[in-house]
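Student: please work out how this folds:
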Amino acid sequence: MTLPLPSIPDQELVRKAFRLDNDGYQRLLALEASDRVSEFTTERGPVVVVDGKKLHSGRDPVREAMRFVRGLNIAEANSIVLYGYGSGYVARALDKKTDATLFVYEPCLEALRWGLTHGDIPESVVFLASPVAVKTVLYAQLGTGDRGQLVPWQPSIRLDAGQYMQVRQELEMAVHRAKIRALTAELRGDGWLNFFIENLPRVLEGPSLGSFRGTFKGIPAVVCSAGPSLAKQLPLLKTIADDVLILCVNTAIGALHKAGIEPNAVVAVESADLSTMFEGIDTLHNINGMMEVTGSPKQFAQPFRRLIPICTENTTCSRFLYALDPGAQLSGGFCVANTAFAIAHKLGCGPIMLIGQDLAFQDGRMYSKGTIFEGLRSEVQGDKAVVVDDGSKQRILESSTKAIRGKPVGAAKAEREVAVGWGGVGEVESTADFLMFRDWFSRSAVRLRADEIECLNCTEGGLCIPEWDEISFREAIERYVTPHGPAEPSIRQRFNDLADQDGFETGRLLEAVRQEVADVTRIRAISARAQVLVNFDPEGDLRAPEPVQLELAEMQQELADILLRASIAADALSRPLESLHMRRELNLYAIHRAIEQALEPLAEDLDKLEQRVAALE
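Tutor: Below is the predicted model:
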């Protein structure tokens, strides 16, 4: 017998729990009842039944869940993926045991619809309703030091063992990607912060990205990446250069210049010094530069028509600028092409077309003809894709080494992957990093579809990007691009007018810098006092009398409150404190000693920054 679906008990809470999977939430709302799912009543509460199988004990589901959770080793987990919600007993038991983020994947949405009525929904729960959501959300959510753990609920696994294996693989890949980001932060994190401080006064030279928000609603955008397929699309791009907004990644600027195309803006996010790729671009004074504030200062110094500072969410110090203009917030993904796409979305553009976004190797070629890296090749050696450098990349990396305190930039080898090609025809050689970039694009397309913005992959080569419409560039132009009328301002003129707006206010920037200086001074005083109170002893806080412990607790709370606003200090402390955590040296003395060592050079840098900004008033 088919029972009517129960109403969702707290729709606002459930919607919030599905905040990272809107597609899953809409499918949950649109469900129709079937005869597969029902419920069974026990003395401790109801349990979901699917295909005649109970998803919890028919006697005492509460005790069963508590016993199951007690046997889990989840002390080190920052993020937990619970496979199977059922009636929520295990999720509630986990919520009581851990502070970790609790992602819940339920393979049967109809079962979830019933299970939501069987008890409180923990506020820590984030529901994901498909393996794709697990993959795309987790790689975006796991932090650099996060340890994700899959908790399988066996009754749910029995419903679909194949899907469980898929989710397990996606979690393992997400953890791997978090490690990649951790390595990047370890190699380049100091450089990011150094460059942020050095570049900060230059944000006064151009408008905040927030002032561009939604200004190009309905205007087609073309994001030009530097993949091997770019060159073949440039003749077509040239014919519509006045009718679309063109955002070009920095590695592609040479190819566009040789084709006689001036993009509306070039986007750069790299901390390595890639300024040499702008050499010989004699039209740079006509092109706006959207430069990442944590990027190389030499890129900031290029003679662009106008500098437009951008700052992605990839670093803690980005919060400093967001406090000055919340509209500047930018979730820029994992590569410059991701960031250029995010900018197009922020501007309100639609549709957004990708060209040159191969994310794969075409006959061993990594970059398009006409780019600075056109000589680079990739050779497959076992499970590695090995970069064969003609010398162009090595020269750039060597020139960047000093800027990031002597740590090497870039890897000569990448994890080799094989994936479905554009148009679903055959397989192509790629890397784990490229798949990470691809999956970010996929997740973003799902989100943009909810805003009725079309995402078109017009690369005509390289990887298939799921959730993107794959059509030829010519077809996209015929379908979406309308020639600009002579009576209306051109897209270029409109963009340049916005770029000519004033930048951040000098007085507000100076006030923010002075607050950071004051916060760093106070943090250093707290750390100095804390080390004295524990007698410079790693176990001193354990031996301290109660009045000292109370003082230490008050100081720790004050420190936490300061770091919520002192984003530059928080960024400077993130890596040394993470290092302590990984070495399992998180005692109070070690923490405050690390804080003291990290903030001493930062205090000097901030003093110089304050003087530089004050001189601009």
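
Student: how about the contacts made by the residue lying closest to P122 once chain neighbours are set aside?
Tutor: In space, not counting the residues next to it along the chain, P122 is nearest to D95; the distance is 3.8 Å by CB to CB, 6 or more residues apart in numbering. Backbone N, C-alpha and C define where each C-beta goes, glycine included. Shown in contact with D95 (CB atoms under 8 Å, 6 or more residues apart in numbering): 102, 122, 124-125.

Student: let's see it at 10 Å
Tutor: 69, 80, 88, 102, 120-125 (CB atoms under 10 Å, 6 or more residues apart in numbering).

Student: equivalent analysis for Q611, please.
Tutor: So Q611 contacts V513 (CB under 10 Å, 6+ apart).

Student: and G52, how many neighbours does it have?
Tutor: G52 is flanked by 7 other residues according to other CB atoms under 10 Å.

Student: right, and it touches L159 too?
Tutor: No. Using CB atoms under 10 Å as the test, G52 is too far from L159 to be in contact (11.5 Å).

Student: find residues that contact each of those two.
Tutor: Each of R36 lies in contact with both G52 and L159 under the rule CB under 10 Å, 6+ apart.

Student: strands along the stretch 401-550 of the chain, start to end?
Tutor: For the stretch 401-550 of the chain, applying DSSP state E, counting those that start in this stretch gives strands covering 413-420, 427-431, 455-457, 469-470.

Student: need the ones you listed in a markdown table (columns: distance to R447 and mean pLDDT).
Tutor: Shown next, in a markdown table, are those (distance: least, CB to CB, whole Å; pLDDT from 0 to 100):
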| stretch | distance to R447 | mean pLDDT |
| --- | --- | --- |
| strand 413-420 | 22 | 71 |
| strand 427-431 | 23 | 84 |
| strand 455-457 | 10 | 97 |
| strand 469-470 | 15 | 94 |
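
Student: show me where the stretch 51-200 of the chain has strands.
Tutor: 53-54, 79-83, 101-105, 125-128, 148-152.

Student: got JSON lines for those, with mean pLDDT and distance to V336 too?
Tutor: JSON lines is the format used below for the strands of the stretch 51-200 of the chain (pLDDT from 0 to 100; distance: least, CB to CB, whole Å):
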{"stretch": "strand 53-54", "mean pLDDT": "92", "distance to V336": "49"}
{"stretch": "strand 79-83", "mean pLDDT": "85", "distance to V336": "27"}
{"stretch": "strand 101-105", "mean pLDDT": "89", "distance to V336": "29"}
{"stretch": "strand 125-128", "mean pLDDT": "92", "distance to V336": "28"}
{"stretch": "strand 148-152", "mean pLDDT": "78", "distance to V336": "27"}
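
Student: need those in CSV (columns: distance to A450).
Tutor: Listed next are these as CSV, based on distance: least, CB to CB, whole Å:
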stretch, distance to A450
strand 53-54, 35
strand 79-83, 24
strand 101-105, 20
strand 125-128, 16
strand 148-152, 26
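
Student: please name whichever of the ones you listed is nearest to S567.
Tutor: Set against S567 and scored by CB to CB, the strands of the stretch 51-200 of the chain come closest in strand 101-105, at 21.6 Å.

Student: number of nearby residues for D502?
Tutor: Residues near D502, counting by other CB under 10 Å: 11.

Student: ok, now which ones touch it?
Tutor: 204-208, 211.

Student: against Y322, how distant is it?
Tutor: In this view, D502 and Y322 are 19 Å apart by CB to CB, to the nearest Å.

Student: A598 contacts D605, correct?
Tutor: No. Here A598 does not reach D605: they are 11.5 Å apart, not a contact under CB under 10 Å.

Student: which residues do the two both contact?
Tutor: A572.

Student: picking up where we left off before, need the strands of the stretch 51-200 of the chain in TSV with mean neighbour count, can you?
Tutor: Listed next are the strands of the stretch 51-200 of the chain as TSV, based on neighbours: other CB atoms under 10 Å:
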stretch	mean neighbour count
strand 53-54	14
strand 79-83	23
strand 101-105	25
strand 125-128	23
strand 148-152	19
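
Student: for F441, find the nearest of the ones you listed.
Tutor: strand 125-128 (18.7 Å).

Student: how far off centre is that closest one?
Tutor: Centroid separation for strand 125-128 versus its chain: 19 Å, with CA atoms, centre = their mean, to the nearest Å.

Student: indicate each strand paired with that strand and its parallel or antiparallel sense.
Tutor: strand 101-105 (parallel) (DSSP bridges).

Student: can you tell me how far the nearest residue to P155 once chain neighbours are set aside sits from H118?
Tutor: Distance criterion CB to CB, 6+ apart; nearest residue to P155, sequence neighbours excluded, is L55 at 4.5 Å. Distance of L55 to H118, given as CB to CB: 10 Å.

Student: settle it for me: which of the two has more neighbours?
Tutor: L55 (29 against 21).

Student: for E460, the count of nearby residues, please.
Tutor: Applying other CB under 10 Å, I find that E460 has 18 neighbouring residues.

Student: do you know how far it is from Q233?
Tutor: 7 Å.

Student: now do the contacts for R438.
Tutor: So R438 contacts 338, 357, 359-360, 417, 419, 430, 457, 462-466, 468 (CB under 10 Å, 6+ apart).

Student: show me what counts as buried in stretch 8-20.
Tutor: 13-14, 17-18, 20 (16 or more other CB atoms under 10 Å).

Student: so who does the closest residue to V613 other than its chain neighbours touch?
Tutor: Excluding its sequence neighbours, the residue lying closest to V613 (CB to CB, 6+ apart) is L510, at 4.8 Å. L510 makes contact with 201, 204, 609-610, 612-617, according to CB under 10 Å, 6+ apart.

Student: from those residues, which ones fall inside helices?
Tutor: Using DSSP state H, the subset of these located in helices is 609-610, 612-614.

Student: which of those residues count as buried?
Tutor: 609, 612-613.

Student: want to throw those into TSV with pLDDT and distance to L274?
Tutor: Formatted as TSV, these follow (pLDDT from 0 to 100; distance: CB to CB, whole Å):
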residue	pLDDT	distance to L274
L609	95	24
R612	95	25
V613	95	27
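
Student: let me know the closest of the residues you listed to P6.
Tutor: L609 (58.3 Å).

Student: count of residues packed around I591?
Tutor: 22.

Student: just confirm it contacts S579, I think it does.
Tutor: No. Taking contacts as CB under 10 Å, I591 lies outside contact range of S579: 11.2 Å.

Student: out of the strands of the stretch 401-550 of the chain, which is closest to D541?
Tutor: Of all the strands of the stretch 401-550 of the chain, strand 413-420 comes closest under CB to CB, at 42.6 Å.

Student: picking that back up, and the buried ones among the ones in helices among the contacts of L510, which is closest to R63?
Tutor: Of those, the one sitting nearest to R63 (CB to CB) turns out to be L609, at 59.0 Å.

Student: show the contacting residues for that closest one.
Tutor: 196-198, 200-201, 509-510, 513-514, 516-517, 568.

Student: repeat that for 6 Å
Tutor: Residues near L609 by CB atoms under 6 Å, 6 or more residues apart in numbering: 197, 513.

Student: if I look at it, how far off is V513?
Tutor: As judged by CB to CB, L609 and V513 stand 6 Å apart.

Student: thinking again about what came up before, what about the buried residues of stretch 8-20, which are in helices?
Tutor: Per DSSP H, those map to helices at 13-14, 17.

Student: could you redo those as a markdown table and give each row pLDDT and distance to V532?
Tutor: As requested, these are exported to a markdown table (pLDDT from 0 to 100; distance: CB to CB, whole Å):
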| residue | pLDDT | distance to V532 |
| --- | --- | --- |
| L13 | 91 | 47 |
| V14 | 92 | 51 |
| A17 | 91 | 46 |
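
Student: lovely, talk soon.
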